[in-house]
Structure formats: C-alpha cells, structure tokens
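> this one's sequence-less:
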C-alpha cells in the first residue's frame, strides 16, 4: 500500500497539465499521418514496403534511446524534449517534397528520432515532479495524454487529406509539433545538476546503453507492444477491406478505450502492485488479439480495436511506474530509455512480423493476430513467481 500523501507535493499542478498538453500535441503530430501513409507509399509504387512504414520509424526511435537517456540524465529533461518535437516539425514539412520510395523510407527513419527523444525526457521530467507514491497514477495520466492525441488526430488527418490535400495534412502535423515544443520551452528544468552539451556526451559506453534494473520490465514490454506494430501495419488494410468509412476510426477506437483503462489502471497499480496488474493485462491482451482474428464486420473490427487498446492501457502505466520503482534516481533517463528500446523493438518486430504473415492477403488477417496472441502469453511465464521491487519512499 502506498504511504500517506501528507507533506508530499501535489500531483495535479499547472506544470503537470502543461506537460500533458504538450504530449497531446506531440502525439497528434506523428499519429495523424499514419492512416494515410500506406496509400501514400502505394502511389509511389512501394506496396511491398508497407511493413517498413512503422518498422523504420521504430528502428531509429530505438537506436536513439541510449543517446536520449544519457542526454536526459546530463544536459536535462527540457532540451531533450525540445529536440524530439523539433524532429516532428522538420519531418512533416519534408513529406510533401518526397517523390521516391527511397527518400520516403529515409524520411521515416529520420522521423523516428522524435519518439526516441521526447517520451524518454517527458517521463523522466514527470517522475521528478510527482509524488513517489502516485507514480502509477501519474504515468497513467501521461499515457492518456498520448492517447488523446493519437485518438483525435488520425481521423482528422484523413479528413484533411480527403477534403483538402495530403500536403495540408503534413503541414498541419508540423504545426502541432511546433506548438508542443513551445509549451515546454519555458518550463523549469527538473534535473538539479545539468551539464553543458558537448560532443563527448554522444560517445556511449556499455554502461550508458542498458540499465540492468529495467531488464525485467523491458522483457514484458517486448511482448506487449508487438500488437501495436501489427495494428498500425495491417489495420488500415483490414479497415478498408471490411468497409470502415474512415481509416482513422479504428485507431480512435483503440486509443479512446486505452484512455478509459489508463485513467484507473495506474492508480490500481499503486495500490495492488505492478506485477499483478501486468498479469491481468497480458491475459486481456491475448484475448483481444484472439478476438481480432475472428472479426468479419466493421463494428466487430472497431470493437476489437477498442478491446486491444483497453488491454494495453491497463499494462502501460504499470510498466513505466515499475521502471521508476526499480531504478536509481540518477539513472531515470537511462532506465526509461532501456524500456523504450524494448518498446520500439517490439513495435518494429510486430510491424515486420505482421506484414510478413499478412502478405497483402486478406485471408491471412486472422492468422496474423492469432499468432501474436500466443506470443503474448509468454509474458505470464516470465512473470511467474515475480514480485514488485519497490524502493523505500523518502
């Protein structure tokens, strides 16, 4: 049970709200373009590379995590957040000028640096400013912020592309990224002893890459987030095949239901423990993927998307609060980066795996999600006999 909240700093402050709003805009910026990217790539003749749309994005996000983790723990949380959002600004401005498959894929690689930097620093900043006994609740609300942007933006992006032009969608995406950066620009740095940036900080030692205390949560993250890669890769085609009018609706269903579960799941993990919540979430996730394998109508498809989002919403706050519980305070950036690396690998592998199994054959939609349901259950084996390891709250 968490300790008393007496004499602890408040959770819901103006800075907390501003941080969450910045996260909403950041999430909206890169998510609003996702439903339209498969057709955008097809128009260039790159249909066989659709699985790389998400995989390349997550590759650079994952590769940049050790750097963002180290910089978050040295130069500060605010500069790293700004770097991540500015990548979104520049990348979205460049999409309208891409005219070849190679250039498009290269730009997806570049765009991935945004999520390699911003979420790591944002989560570390949040951990610095919230009460220790309410970390799960705080991480849940931060996740809700990401999901709000992800739920609202994709249908709006598809609307802009259909009613105006796809270039207008990209420019609007860039503007949202700029607003996100401006919101954190005036915040007070939460890292007490910051260093000035120097190129030597980009030289990584083995101890800079992985935080050992985060390896157990990272192993669970590897199994949890493959489903997102699959949904983002196969979802647009399955949505069109089943006759869902707007390709962004399935992601809206996913994220709205994730918001609902995150609102309470983080707080539940503060009370009952991270491991117990994660066991329940893994079971729910496997069931949702199994249901996905059986959908045959637009309504069932949207329901399955929501069930999947709800299941991941239960898991995410517990995973990230568990990381903060287990790591040393001075290594928060590195520990969060470690689990984000696992997250990006998971999403990227899920995208590649689902693209390979699906193979542009609608008859294989079911098999794709059924295989992922089985893989997810490995997490229950990993958590067998495991307990929460929570540091003493000062």
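Good, I have the coordinates. Since we're looking at a predicted model, the values are computed, not measured.
> outside of stretch 285-303, which residues touch it?
With contact meaning CB atoms under 8 Å, 6 or more residues apart in numbering, stretch 285-303 is reached by 224, 227, 238-239, 242-244, 249-250, 253, 304, 307-308, 310-312, 315, 365-370, 372-374, 376-377. Where C-beta positions appear, they are placed from N, C-alpha and C, glycine not excepted.
> Need the buried ones from the residues you listed selected in PyMOL.
Only the buried entries of the contacts of stretch 285-303 go into this PyMOL selection, using 16 or more other CB atoms under 10 Å:
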select buried, resi 224+227+238+239+242+244+249+250+253+304+307+308+310+311+312+315+365+366+368+369+372+373+376
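> quick one: which of the contacts of stretch 285-303 sit in helices?
With helices defined by DSSP state H, the entries of these inside them are 224, 227, 238-239, 242, 249-250, 253, 304, 307-308, 310-312, 315, 365-370, 372-374, 376.
> taking the mean pLDDT, what do you get for stretch 379-387?
Averaging pLDDT along stretch 379-387 yields 86.
> Endpoint to endpoint, that stretch covers what distance?
14 Å (CA to CA, to the nearest Å).
> From the rest of the structure, what touches it?
By CB under 8 Å, 6+ apart, the list of residues contacting stretch 379-387 reads 216, 219-220, 223-224, 273, 275, 278-279, 282-283.
> list the contacts for residue 245?
Residue 245 neighbours (CB under 8 Å, 6+ apart): none.
> Can we start the residue count at 13 from this point?
All set: I'll call the first residue 13, so the last point we hit is now residue 257.
> Report pLDDT for it.
pLDDT, read off for residue 257, is 70.
> roughly how far apart are it and residue 272?
Using CB to CB, to the nearest Å, residue 257 is found at 23 Å from residue 272.
> How about residue 50?
Applying CB to CB to residue 50 and residue 272 gives a distance of 28 Å.
> more crowded one of those two?
residue 50 (23 against 16; other CB atoms under 10 Å).
> So for the host helix or strand of that one, mean pLDDT?
In this assignment (DSSP states H and E), residue 50 forms part of helix 49-54. What helix 49-54 shows for mean pLDDT is 89.
> likewise stretch 286-298?
93.
> any idea which helix or strand comes after the helix or strand encompassing residue 121?
When elements are assigned from DSSP H and E, residue 121 belongs to helix 113-123. Next helix or strand after helix 113-123 toward the C-terminus (DSSP H and E): helix 125-141.
> so where is the chain shaky, pLDDT-wise?
Scanning the chain for pLDDT under 70 picks out the ranges 13-21, 259-260, 400-406.
> Just the element for residue 334, please.
Short version, using DSSP H and E: residue 334 is in helix 310-338.
> any idea of the angle that helix forms with helix 377-388?
20 degrees (axes from the mean of the first three to the mean of the last three CA atoms, to 10 degrees).
> so helix 310-338 versus helix 125-141, what angle?
50 degrees.
> in helix 310-338, what's buried?
313-338.
> Same question for stretch 122-130.
Quick answer for stretch 122-130 (16+ other CB under 10 Å): 123-130.
> so can I have JSON lines of those showing distance to residue 26?
Listed next are the buried residues of stretch 122-130 as JSON lines, based on distance: CB to CB, whole Å:
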{"residue": "123", "distance to residue 26": "31"}
{"residue": "124", "distance to residue 26": "31"}
{"residue": "125", "distance to residue 26": "29"}
{"residue": "126", "distance to residue 26": "25"}
{"residue": "127", "distance to residue 26": "26"}
{"residue": "128", "distance to residue 26": "28"}
{"residue": "129", "distance to residue 26": "24"}
{"residue": "130", "distance to residue 26": "20"}
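> which one of those sits closest to residue 363?
residue 124 (12.0 Å; CB to CB).
> what's the closest non-adjacent residue to residue 241?
residue 362 (2.7 Å; CB to CB, 6 or more residues apart in numbering).
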